[in-house]
Each structure stands twice: as C-alpha cells, then as structure tokens.
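**Q** need a structure here:
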Amino acid sequence: MLLNVSTHDYSIPYNLEQAISEGYDALKAYYDTLDAEGKIQNDQLKVILLGNSTAGKTSLVKYWGNKTFDEKQTTTHGIYTPMDLPLNYQAENSNFRVNVWDFGGQDYYHATHRLFVTRESTYVLVCNKNLEDKPAQELTTEYMQVGEEVQAVEVPVQHYPYRYWLQTLAFLTQSGKIDDPQNQSKDKSKLPKLFLVENKCGIEHKESKHNQRMRLDEKLSQTLPFEVVGGDFYHIDIQKAYQYHSGKDTQRSARRFYDAYGDFEEQLLQTLRTQIENNRYEVHANFPKIRDILASMAAHMQNREPSPELNEYLAANKIAPIKSYQKLPVWISYDEYRDIVERKENSKSKFEDIEGFLHTYLQNLCGRIFHFKDIPSLAHIVFIDPNWLHQTIYKVLNQKVLDNQGEFTIHDADAVIDGNIMDAATFLDAMKAFDLIFEIPDQDPQRFVAPQYLPEVCPLHTAGLYSLIEENYDLALTLEFSYYLPSSLISRIISKKGHLIKNRQQFLWRNGLLYTDENQVSVFIECKPTERRIEISLNKKDKNKIQQTLRVLMTLLEENFSDEIADAYVVLPSIKAKAKWKHLLKSKEGRQNKVKNYEEEGELADAEPFWFLFREFERKPLNVFVCYSHEDQTEMEAFTHELTKQLKSFEKQHGININPFTDLELKTGMLWDTVLQERIAQNDLLICLLSPTFFTSSYIQEKEYGKMKQLAQQNPNKLIAPIYVKSCYIAEDNEIANLQFYKPLASRFGLSQSIKEFSFSNLLHHNGGSYVQNYVKGFVEEIGESVLGIWERR
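**A** The predicted structure follows:
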C-alpha cells in the first residue's frame, strides 16, 4: 500500500519552482500575482493510498483517522476522506487538512492510478510480507457490499513485490529510476519523503521466511529518488494496535505493535507539520476562498439546493437563476469555473496568470477539483466533487463486468450511472478518453470492453495461437523495457486498437491482441510482463507495408504513451543494434547519424535504419490553396480544373506529393471558417486569383491572403503566387506588387499584343477556352523550381 502525502521538503516553494521551470513569463506572473494578492500559509495536504489488495490500506486510514478497525473491510476502488489534524497541540484553531485518497490495489485498478496520483507528494509504502512472493495470480477472499450485507467473495488477484510499487511510484511522479546511481550524489533532504511500512507483522507463518521482517537493501536505499524517513521499514500491525487500543488484547505483544504504530504516526505527523510550517507551497491569499466556494457548490448541488455562485454566473449571462435542480451536477463547465474564479477572487491578477498555480493548489494539493485539460473531450468540464468521478468509473467497471471478462453494454452503464448527473454516453466517452475501455463497432445496443478485465490467457489454446503466429507472421519490432514496464500500458494499447479486432473470442486477452489495420495488414501484439517486452509481428512480407504499419503504430505510442516508451529499447530483426527510443527521437530531430548501441557496450549504431519509424519519414503532401473572390467562381473553376491535372502530372514526374484545395471541397455541416483557417495554417503555396473584388473582400485580405502573407514573412518555405484572373488596379505600395507574377504574353495564346493587361478571363472567353491548358501548364512550369525547392527543404 502506498500512502501519498502531498508535500516536498525542497529549499524553495513549489509554486516558485514550477514558475522557474516554465520560464520568464511564468516567473514574472508569479511575482506579479503575489504582489497583487499577497500570500498565506497553506493548510492543505493530499494523501493517496496505493498498493496490493488486502495489504490493509483502508484499515490504516480508518485507524489513523478515528482508531477503528473492521475485520470484514470491504474492497476499495477509490475513497476520498478529508482529515483535520492539529498543527500544534498547545494552540487552538491550528488544524491543517490532509485529503486522503484510498485506491484499490487489485491489478485491474492500476489503469486509473495515473489519473489521480500527483507529483507534489510525500509517500508511504505499506507492505504485507506474505504477499511479496505470492504466485502470479491467486484466488483471494475479499469482502464486498451486496445490498445491505457484506459478503465474502473469492476473486483472482495479482500481487506485486514492493520494488514494483517503488518503480510505479517513481514513474507516476516522474521522480526518476529507483536504481539510478546519480541519486547517490543528491541531497536526500531535498527529495520527496518516503515512509516504508510493513503491516500485519503480528501474523505468524509456518514457513520461517515469512517471520523475517522486511528490510530495505542498503544499496537500493542509496539509489532511490526519495528520502526514506527512518532509513528502513516501520514494522506494524494495525489489527493488533486496534485490539490493544480498544482493550480487547492487553498482552505485551499487542502493546508492542500499538507502540510501533504510534511511532510511525508521530513521525508522519511531524513530517506533515514541518511541511506546513515551512510553507513549502506558497498560496495566494484568495485561493482558499475559491476552494471553499467550489466545496460549497458541490454541497449545494448534492442537496438539490440552488447555488448562489452558479446563479451569479447565469445572471451575468442573462440566464434565469436555478431555483431547484432537475439534475445533480458534480461538475461545472470550464467557463463557469473561470467566471467563479474571476468574480470571487476579486483581484488585480489575470486568470491566465494564476491558472497554473491555482490548478496545482486545487487539484494536486486539495483534491478539490479534477480537470483534464489535455483530453479534448473533457477539457470543457471541471469536476468539483472529489469522490464522484473515481467511484462512478468503478460503478461501471463492477463485479458483473469483471465476471463477463470486461464486456458490457451502454444499458449496463446507464443502470449504474446517475443520469441526473451525467448521461451514460458522455461518461463512457470520458472513459474512452482515459483509455479504460473501447467500443465494439456496429453494435446495437452499443457494447464496450474494459481491457484490464480480459482473461489472463489467450482464449485460443496457447499452442494453437503460437502455431498460427509462427506459420503466418514474422517478428517485426520488439520494445524491451530494461527498467520498468507499466502494467497498464498493454491495456491502454488495446483500448486504442481494440475496435479493429475481428475475432474477440479468440485473439484478445489481457496481454495481447491480433487486429487488422487500415491498410489490411494483420498485426499481432503481445506483452510479456515477466520478460518486460512487447513484441509486434506482422503477416506481410512487403517492405513498404511493414514500414508503414510500424510507423503508424509507433506514432500512436509516441503521441499517447511517450513517457512509458521513452527508455524502451527498440529492436528490429534486420539490424544488429539496440537503441533507446528517446535517443532515436533526438537523432531524427537533429539529423544525427549515430546513437548509442546497447547491444554492444561502448559502441555506436547507425540511426538512419530506424528513421522509417517516425511519422516525419513520410513527407507530408505539399499543400496548395487557391484563393479567389466568389464573383470570379467561373474563372476559378476553369483554372483549378486544369491546375489539378497539371499538378498531378508534375508530381508524378518529380516523385513528390501535392495536395491542391479550394473552398469548393468544404462539405455541408463543416465549420467552414475553422476548416479554412486550419488549411491555410498548413499551406505551402497560395495561388491568388487577382481581380477587383479580390482586393475588396475583407475576408480574403484578413483571413486568407493576409494570414498567408504573415506566414510567408515568418517562413521562407511558404510561397505566394499571384495571377491576374481579371484586369485590376494594384497600388505601387501594395505588398503584393512586389511578388513574382505569372504574366505571359497575350500573343502566346493567339490574342493581340495590344492587350496590355492580359488576364486569365480574356483567355477563358477566347476561342472557346482552348488555350486554358497551355496557360496553366506554363504557370506550373514557372513555379515548378520554387515548388521543388519547398519540397526539398521540408
């Protein structure tokens, strides 16, 4: 079990440290807002419990909080408990709050730990020696609430050794490796605090090895990225301590564990008090007011009472106030959250200047909100009830879903989600964004799968599976994790690719899947946890297909799991080298041809053979946008019709890829302005069809030509090519006059040389438009060298 208490004993305040890491603007905002608002002593810390099931984490919280103990403690997936503890026993009204989070230890709960574990923490790892050498998976008796009764249930549980929890903790908090020699030279007093506790020490076992107390290896203690308080394990027994405290057991052995727990608790409390007194987290004077307002709102909402804060927001937006709730929202919109902050803070500071610091305070220290700003589908929501989100996840992923090997319908979810708070479809979208589930396509009603609940072994007989793979697939890439392979990584990969699986009954299990990708390549991915490796095999022999499939897969892993795979070794069967993914990334970005080869000590390996794995290996198409006035649509259509054909010929002959675009390609229902701006931002060549109305269109001048002109000024790889579609006046001081125009002679197309202002419109209406092809061909030839230059410099 991990007890995570939010505080670091660093020499400078965390918020200042955060501002320094973000650069000058953040540092200036930090001091500006402190000057405007002032600061106060923080009085909130956050506690998170993690660890093996049945280790006694919930029992520890209950005994710590109110000195109770339940022999039939029900299994926990996530409980939030605030505690008010005395800062100074002699002083009145000197309490500080510890916000305690207690998470389930079963392996299928691990996928959610990354969502809630915060970096600003001191940690307590509590172990049960008897669970250290348990088999890979075993049936364990756990107690579950069934109606009004508590029932004993046998459930399969995976237990993990304490080194795994240390690795998990270091990874989730980005503290570094647990066996990094560089940690030996660090000032331990400035590292996060770590308490090691062995629980259930009063239980004797027939095998003598279980009666030997757990000790921290001296070498490991030097390389941990934490300061181990006390230098070793505390040896306690919560049940024995409770029995002595309650008078049920007055024997000397019980008194010994009562005292041992007291020593642990006193040291923990002293550590917390020190963090509060040293004001490790400087808090803006108004932050606690915002915290209390959000807590008040959540309480009002839970009691179906109107919230004054929310009604103020509605009134400001000319919306009638809420008198009673049809729904019971435990979340508010981000706009509402921002409005509440700006109104109630009543400060001189801009919201943008305090947003990051306030988020750290409310989410990481207080646990008052959950806002997942990096997940697009959830960025507009701020959860203000600390319990509801996590508990509802596991109301959906309940025992029935576990028994059904992870599969459930939207109706199953709807039956357990309070529709008065959030409809099932919206909440399931959130769970998909968390990589907790995937949807099975084309099902009515909608069906979903939770990968962490899948069977442990492949449904197809193991021998049959490997016979199939050996006969039809070749190993294409291996990721080796020398240090740590997060147990949830393969589940999250399955959540991303599960919708492509054609036969779930045979080729989907907790550690692997077989699917067919968009290019009809069959992909077999298998995670081997004990070997700390993920193997990817393909059924294609074509080199281009293999490279494209691996590139798409590695792009997905980098975009979604960059931290997890950064230190993984990449192994290709055709290359006698082993390189770290993060080193390959740097080599590609810096065009460095050599990387460290972990296959041969002290040797370097060629990096280029690995570069096909990167998305940039395939050059993106050269984007061409035709900018025109809608009054010139006839001319534009004639020009672009021929342009598309000429560009296609040009790209084939030169081996490049060109993507022409006009607003005619916009489909009904598209947000046309948004799409156009995205296209222009990605554009390489802007062809301007000049006419009088081209210059009078404010949209063209500001959003199309104007935007591209700004981009071209910043990036010489952007090109603007104007042509006269109709005769028009261009002032000498107009910047467009300085650009290279396409101005062929009229005589080339059988027109009189006396036409001084020859335009494409003249040509279109001459001789049935028979010269349009030659005109556009000449235009492509004239810009051809510049286009090839852009392509080469991409």
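**Q** Quickly find the element holding residue 358.
**A** Residue 358 belongs to helix 351-359 when assigned by DSSP states H and E.
**Q** how far does that helix sit from the chain's center?
**A** 20 Å (C-alpha atoms, centre = their mean, to the nearest Å).
**Q** just use 26 as the starting number from now, easier for me
**A** With the count now opening at 26, the last piece we talked about shows up as helix 376-384.
**Q** Mind listing what's buried along the helix or strand following that helix?
**A** Helices and strands here follow DSSP H and E; after helix 376-384, the next one along the chain is strand 406-408. Residues of strand 406-408 classed as buried: 406, 407, 408 (neighbour count, 16 or more other C-beta atoms under 10 Å). Backbone N, C-alpha and C define where each C-beta goes, glycine included.
**Q** Which residues does strand 406-408 contact?
**A** 355, 356, 357, 358, 359, 361, 362, 394, 395, 396, 397, 414 (C-beta atoms under 8 Å, 6 or more residues apart in numbering).
**Q** Now for the third one: which residues touch it?
**A** Residue 357 makes contact with 322, 335, 365, 406, 407, 409 under the criterion C-beta under 8 Å, 6+ apart.
**Q** does it count as helix, strand or coil?
**A** strand (DSSP: H, G, I helix; E, B strand; the rest coil).
**Q** Does it have any beta-bridge partners, and if so which?
**A** residue 407 (DSSP bridges).
**Q** how near is it to residue 524?
**A** 32 Å (C-beta to C-beta, to the nearest Å).
**Q** ok, now the first one?
**A** For residue 355, the distance to residue 524 (C-beta to C-beta) stands at 29 Å.
**Q** who has more neighbours, the two?
**A** residue 355 (20 against 14; other C-beta atoms under 10 Å).
**Q** could you point out the longest helix in the protein?
**A** Across the chain, the helix with the greatest residue count (assigned by DSSP state H) is helix 277-302.
**Q** Hmm, residue 760 is touching residue 734, no?
**A** Yes: counting by C-beta atoms under 8 Å, residue 734 is a contact partner of residue 760 at 6.8 Å.
**Q** More neighbours: these two, which one.
**A** residue 734 (18 against 11).
**Q** Unless I misread the structure, that one falls within a strand.
**A** No: checked against three-state DSSP, residue 734 lies outside a strand; its state is helix.
**Q** who's in contact with it?
**A** Per C-beta under 8 Å, 6+ apart, neighbours of residue 734: 745, 760.
**Q** now with 10 Å?
**A** 711, 713, 726, 743, 745, 760, 761, 764 (C-beta atoms under 10 Å, 6 or more residues apart in numbering).
**Q** Residue 630 bridge partners, please.
**A** residue 620.
**Q** residues touching it, list them.
**A** Here residue 630 is in contact with 600-604, 608-609, 612, 618-624 (criterion: C-beta under 10 Å, 6+ apart).
**Q** on that earlier part again, give me the common contacts of residue 760 and residue 734.
**A** residue 745.
**Q** Buried residues in the helix holding residue 383, which are they?
**A** 378, 379, 381, 382, 383.
**Q** nearest to residue 550, of the residues you listed?
**A** residue 381 (36.9 Å; C-beta to C-beta).
**Q** Let me know the distance separating that closest one from residue 399.
**A** In terms of C-beta to C-beta, residue 381 sits 13 Å off from residue 399.
**Q** Any chance of the buried residues of helix 376-384 in JSON lines with distance to residue 500 and pLDDT as columns?
**A** Below are those laid out as JSON lines (distance: C-beta to C-beta, whole Å; pLDDT from 0 to 100):
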{"residue": "378", "distance to residue 500": "52", "pLDDT": "73"}
{"residue": "379", "distance to residue 500": "52", "pLDDT": "77"}
{"residue": "381", "distance to residue 500": "45", "pLDDT": "80"}
{"residue": "382", "distance to residue 500": "49", "pLDDT": "79"}
{"residue": "383", "distance to residue 500": "49", "pLDDT": "85"}
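**Q** how close does residue 608 sit to residue 599?
**A** For residue 608 relative to residue 599 (C-beta to C-beta), the value is 19 Å.
**Q** all helices of the stretch 676-819 of the chain, in order?
**A** Using DSSP state H, counting those that start in this stretch, the helices of the stretch 676-819 of the chain run over 697-706, 717-721, 723-724, 730-739, 785-789, 797-818.
**Q** pLDDT (mean, whole number) over the second one?
**A** By that I understand helix 717-721. Confidence for helix 717-721, expressed as mean pLDDT, is 93.
**Q** Would you mark the buried spots in it?
**A** 719, 720.
**Q** same deal with the last one?
**A** For helix 797-818, a neighbour-count test (16+ other C-beta under 10 Å) marks 797, 800, 801, 802, 803, 804, 805, 807, 808, 812, 815, 816 as buried.
**Q** isn't the fourth one right up against residue 773?
**A** If I follow you right, that is residue 802. No: using C-beta atoms under 10 Å, residue 802 makes no contact with residue 773, being 11.1 Å away.
**Q** Okay, residue 399 and residue 587: tell me how far apart.
**A** For residue 399 relative to residue 587 (C-beta to C-beta), the value is 12 Å.
**Q** neighbour-wise, which of those two wins?
**A** residue 587 (12 against 8).
**Q** start to end distance for stretch 174-194?
**A** Length of stretch 174-194, first residue to last, C-alpha to C-alpha, to the nearest Å: 35 Å.
**Q** just how off-centre is it within its chain?
**A** With C-alpha atoms, centre = their mean, you get 25 Å for stretch 174-194.
**Q** Check which residues of that stretch are buried.
**A** 180, 182, 183, 184, 185, 187, 190, 191, 192, 193, 194.
**Q** again with stretch 656-674
**A** Buried, per 16+ other C-beta under 10 Å, within stretch 656-674: 657, 660, 661, 663, 664, 665, 667, 668, 669, 671, 672.
**Q** Do me a favour and average the pLDDT over stretch 731-746.
**A** 88.
**Q** hang on, the earlier thing: go through the buried residues of helix 376-384 and name the one nearest residue 549.
**A** The closest of the buried residues of helix 376-384, once distances to residue 549 are taken by C-beta to C-beta, is residue 381, at 42.8 Å.
**Q** Any figure for the gap between that closest one and residue 73?
**A** 21 Å.
**Q** Likewise for residue 714?
**A** From residue 714 over to residue 73 (counting by C-beta to C-beta), the distance is 61 Å.
**Q** now swap in residue 394 and tell me
**A** In terms of C-beta to C-beta, residue 394 sits 16 Å off from residue 73.
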